[in-house]
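Participant: Would you be able to build a 3D model of this:
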Amino acid sequence: MNKRIRTGFTLIELLVVIAIVGVLFGLILSAVQKIRGAADRLGCLNNMKQMGLALQVHHGQFGRFPMGRTPLEEGVPLRGISWMGRLLPFIEQEALWKRTLEAYDARPAVPYQLPHLGISTPLKLYGCPGDSRVNSVQKPRNRGVSVALTSYHGVSGRNHKTNDGVLFYDSQIRMVDIGDGSSNTLMVGERPPSADMWFGWWYSGEGQDGFGSMDYLLGVNELHGPKASFCESCPSGPFQFERGKLSNQCSAFHFWSVHSDGAHFLFADGSAKFLNYSAAPIMQSLASRAGGELVEVP
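Facilitator: Predicted coordinates for the structure are as follows:
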């Protein structure tokens, strides 16, 4: 009679198979993460291009780029609204724009409470796909208000005091005012909302200075202002274009992104580019609209 021989894996063979499966899983996960990261970067670039087109259309209609933040004085049309709010009719948000105009007709005290729906309406165009916080309404730390956030900020210039960029408080910059050339001048850049979601409101917000700085406006070498709530432990600056962390409140003082190695920027001519953090030394020159600097865009 023939003896039946039992076959199976030895312990060593089983361990080898498990190790191979683990390596393959790691490779697949890494590939998926790279694909997702590339998709997020492409989505951000597309957002920038759409905002650039909207800004150019606004300029064509009104002869200037929108105010970075509209003054709050009584009687000023759309008082307190951000440049992003003024772009609503140019980014296929006519319904929200209509509700915005109706809210101003109701003459509320401030534009960051009802009936202003924009303050709590997330817009896909204004958020980086790689940061899930911008996809839904958030409640900032120690505050009862619910807000919609943005990953993009108008470049006010060197810092919130200089106003030498294109978008800042009460700005009314025309293309002819950009003496350094529209293709060499930054207009919008990436920066995720602050760790506590207190900075980064797209529709309206006082920011750190009462004029919108750090909410939807930012300087490339920003300073720590006296009204920067919940940032008391952060240094005074100037801050520079460099890597940041979503968990670090101080990262809200400078441009950066959740992408690796750099961030996307929109130029005044409507072009959008990804700038590496190595571009930090020339950011002041790129942010200035008429500084006379000679600089080559990376």
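Participant: give me the low-pLDDT residue ranges for the stretch 101-250 of the chain?
Facilitator: 108-109, 142-144 (pLDDT under 70).
Participant: Strands of that one, start to end?
Facilitator: 152-157, 186-190, 217-219 (DSSP state E, counting those that start in this stretch).
Participant: Take the ones you listed and lay them out in JSON lines including distance to residue 272 and mean neighbour count.
Facilitator: C-beta: built from backbone N, CA, C; applies to glycine. Compiled in JSON lines, the strands of the stretch 101-250 of the chain are given as follows (distance: least, Cβ to Cβ, whole Å; neighbours: other Cβ atoms under 10 Å):
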{"stretch": "strand 152-157", "distance to residue 272": "11", "mean neighbour count": "29"}
{"stretch": "strand 186-190", "distance to residue 272": "9", "mean neighbour count": "26"}
{"stretch": "strand 217-219", "distance to residue 272": "17", "mean neighbour count": "31"}
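Participant: now for those strands, which one comes closest to residue 53?
Facilitator: Set against residue 53 and scored by Cβ to Cβ, the strands of the stretch 101-250 of the chain come closest in strand 186-190, at 12.1 Å.
Participant: partner strands of the closest one, parallel or antiparallel?
Facilitator: Its sheet considered, strand 186-190 pairs with strand 152-157 (antiparallel), strand 262-267 (antiparallel) by DSSP bridges.
Participant: Can you list the helices and strands that the very next helix or strand once past the last one packs against?
Facilitator: Sequence order places strand 272-276 as the next helix or strand after strand 262-267, per DSSP states H and E. Other elements packing on strand 272-276 under the criterion 3 or more Cβ pairs under 8 Å, 6 or more residues apart in numbering; DSSP states H and E are helix 11-62, strand 262-267.
Participant: coming back round to it: make a markdown table out of the strands of the stretch 101-250 of the chain and add distance to residue 176.
Facilitator: A markdown table is the format used below for the strands of the stretch 101-250 of the chain (distance: least, Cβ to Cβ, whole Å):
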| stretch | distance to residue 176 |
| --- | --- |
| strand 152-157 | 18 |
| strand 186-190 | 15 |
| strand 217-219 | 22 |
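Participant: Please consider this matter closed, and thank you.
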